[in-house]
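Colleague: coords please:
(chains A and B)
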Amino acid sequence: NAGVMQNPRHLVRRRGQEARLRCSPMKGHSHVYWYRQLPEEGLKFMVYLQKENIIDESGMPKERFSAEFPKEGPSILRIQQVVRGDSAAYFCASSSLTSSIAYNEQFFGPGTRLTVL
Amino acid sequence: QQQVKQSPQSLIVQKGGISIINCAYENTAFDYFPWYQQFPGKGPALLIAIRPDVSEKKEGRFTISFNKSAKQFSLHIMDSQPGDSATYFCAASFNKFYFGSGTKLNVKP
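Modeller: Here you go, the predicted structure:
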């Protein structure tokens, strides 16, 4: 049973370009979460999605960042017009539909390390 | 406002010793408290978790102690091994997860 998959593992972009990060949740999981981790820091919640719905995007920057989780295919975190401050590791986690919101165990992917030149 | 405060930031322990990492929270609505272990270049992996209706949970060499009245919980690693060297994150959850800032553990052989 494959775990959470993320690609690419490393992504280099120049300032002003777009970054697209993909996350395939564990089989049977329909809840996806995105986190950002700066070097030597903890994980900061960005957005929580279910299939075709954004449930909580309170951690997303208001501009340039968007996320989706379509009915088919992976979840996408999109960063437009990247700036150097966007350089970080972006982690996706998934949990199963049968878990209650309060007790959901989240399983993390290996992360995408974004470097903005 | 930091929802979960974790200490220490870094910890050095001799092989065979006990590693102790502490976390404190403010929001009494939190009802799930996991600990994650992260190796360099990898994603966090769930290590052990506790719910507030118990005061202690043990899995192998890892124990969570939970003090509801003090709003604190801690991770104890008994007989620490060099392979335990990693960064440890506590978290608290109510609808979404709030993570501590992490503790970098170095177990010296």
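
Colleague: B:Asp79: how many residues sit nearby?
Modeller: 12 (other Cβ atoms under 10 Å in any protein chain shown). All C-beta spots, glycine's among them, are computed from the backbone N, C-alpha and C.

Colleague: I figured it was touching B:Val13, is that so?
Modeller: No. B:Asp79 is not in contact with B:Val13 according to Cβ atoms under 8 Å; the separation is 10.4 Å.

Colleague: list the contacts of the closest residue to A:Val4 other than its chain neighbours.
Modeller: Spatial nearest neighbour of A:Val4, chain neighbours left out: A:Gly109 (3.6 Å); criterion: Cβ to Cβ, 6 or more residues apart in numbering or on different chains. Counting by Cβ atoms under 8 Å, 6 or more residues apart in numbering or on different chains, A:Gly109 touches A:3-6, A:23, A:91-94, B:43.

Colleague: so can I have CSV of those showing pLDDT?
Modeller: Output for the contacts of A:Gly109, formatted as CSV (pLDDT from 0 to 100):
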residue, pLDDT
A:Gly3, 90
A:Val4, 95
A:Met5, 96
A:Gln6, 97
A:Cys23, 98
A:Phe91, 97
A:Cys92, 96
A:Ala93, 94
A:Ser94, 92
B:Gly43, 91
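
Colleague: buried ones from those, can you make that a ChimeraX selection?
Modeller: Per 16 or more other Cβ atoms under 10 Å in any protein chain shown, the buried members of the contacts of A:Gly109 correspond to this ChimeraX selection:
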select /A:3,4,6,23,91,92,93,94 /B:43
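
Colleague: list just the nearest of the contacts of A:Gly109 to B:Ser93.
Modeller: Nearest to B:Ser93 out of the contacts of A:Gly109 is A:Ala93 (Cβ to Cβ; 11.6 Å).

Colleague: surely the closest one and A:Gly111 touch.
Modeller: No. In this structure A:Ala93 lies outside contact range of A:Gly111 using Cβ under 8 Å: 10.3 Å.

Colleague: tally of neighbours for residue 83?
Modeller: No chain was given, so I picked chain A. Counted with other Cβ under 10 Å, A:Val83 comes out at 12.

Colleague: ah, no, chain B please
Modeller: When counting by other Cβ under 10 Å, one arrives at 9 neighbours for B:Gly83.

Colleague: assign it to helix, strand or coil.
Modeller: helix (DSSP: H, G, I helix; E, B strand; the rest coil).

Colleague: who touches it in this structure?
Modeller: For B:Gly83, the contact set (Cβ under 8 Å, 6+ apart) comprises B:Val107.

Colleague: what's the closest non-adjacent residue to B:His76?
Modeller: B:Thr63 (4.4 Å).

Colleague: tell me what that neighbour is bridged to.
Modeller: Residues in a beta bridge with B:Thr63, per DSSP bridges, are B:Lys58, B:His76.

Colleague: and it, what is it in contact with?
Modeller: So B:Thr63 contacts B:48, B:56-57, B:75-76, B:78 (Cβ under 8 Å, 6+ apart).
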